[in-house]
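# Fold the following, please.
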Amino acid sequence: MPTTLATSPLTTADRCDRCGAQAYVRVMLASGGELLFCAHHGREHTPALASAEATIQDESDRLFAEQTSASAPARD
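As a prediction, this is how the structure comes out:
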């Protein structure tokens with residue numbers, strides 16, 4: 001089962017290793033390597049990586065928070 005990392009949050013400078021979009025998923029491999037994925041590629045690859053006992057930091061829920069705050073009406 002994937003676990004949460006105690007690392008710094010992903011930023012806009014972190015980019016997906018597959019497509020270059022903003023990364024929302026960080027995967028730490030048992031070998032010590034790190035992979036970064038956008039939400040789309042994270043959903044695609046994390047099931048296999050989790051079964052390989054990789055540690056996964058998934059911040060893709062931030063997308064919904066960002067969309068909600070962006071669509072909220074401006075307050076005076």
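# can you pull out the strands in the chain?
In the chain, the strands defined using DSSP state E lie at 25-28, 34-37, 55-58.
# So for C19, which of those sits nearest?
strand 34-37 (8.8 Å; C-beta to C-beta). C-beta coordinates here come from the backbone N, C-alpha and C atoms, glycine included.
# helices or strands next to that closest one in the packing?
strand 25-28, helix 39-51 (3 or more C-beta pairs under 8 Å, 6 or more residues apart in numbering; DSSP states H and E).
# if we can go back for a sec, turn the strands of the chain into TSV, including distance to A48 and mean pLDDT.
Converted to TSV, the strands of the chain look like this (distance: least, C-beta to C-beta, whole Å; pLDDT from 0 to 100):
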stretch	distance to A48	mean pLDDT
strand 25-28	10	96
strand 34-37	12	97
strand 55-58	11	95
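# Using CSV, lay out these together with mean neighbour count and distance to A65.
As requested, the strands of the chain are exported to CSV (neighbours: other C-beta atoms under 10 Å; distance: least, C-beta to C-beta, whole Å):
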stretch, mean neighbour count, distance to A65
strand 25-28, 21, 16
strand 34-37, 20, 19
strand 55-58, 20, 14
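# Let me have the ones you listed in a markdown table, extended by distance to D14.
Formatted as a markdown table, those follow (distance: least, C-beta to C-beta, whole Å):
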| stretch | distance to D14 |
| --- | --- |
| strand 25-28 | 8 |
| strand 34-37 | 5 |
| strand 55-58 | 11 |
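# closest to R15 out of those strands?
Using C-beta to C-beta, the strands of the chain put strand 34-37 closest to R15, at 6.5 Å.
# for the protein, which residue is closest to the average position?
V25 (1.7 Å; C-alpha atoms, centre = their mean).
# and that one, what does it touch?
10, 36-39, 41-42, 46, 56-60 (C-beta atoms under 8 Å, 6 or more residues apart in numbering).
# cool, and T12?
Counting by C-beta under 8 Å, 6+ apart, T12 has contacts Q22.
# So for it, what's the pLDDT?
pLDDT, T12: 95.
# Could you measure from it over to L63?
T12 sits 13 Å away from L63, going by C-beta to C-beta, to the nearest Å.
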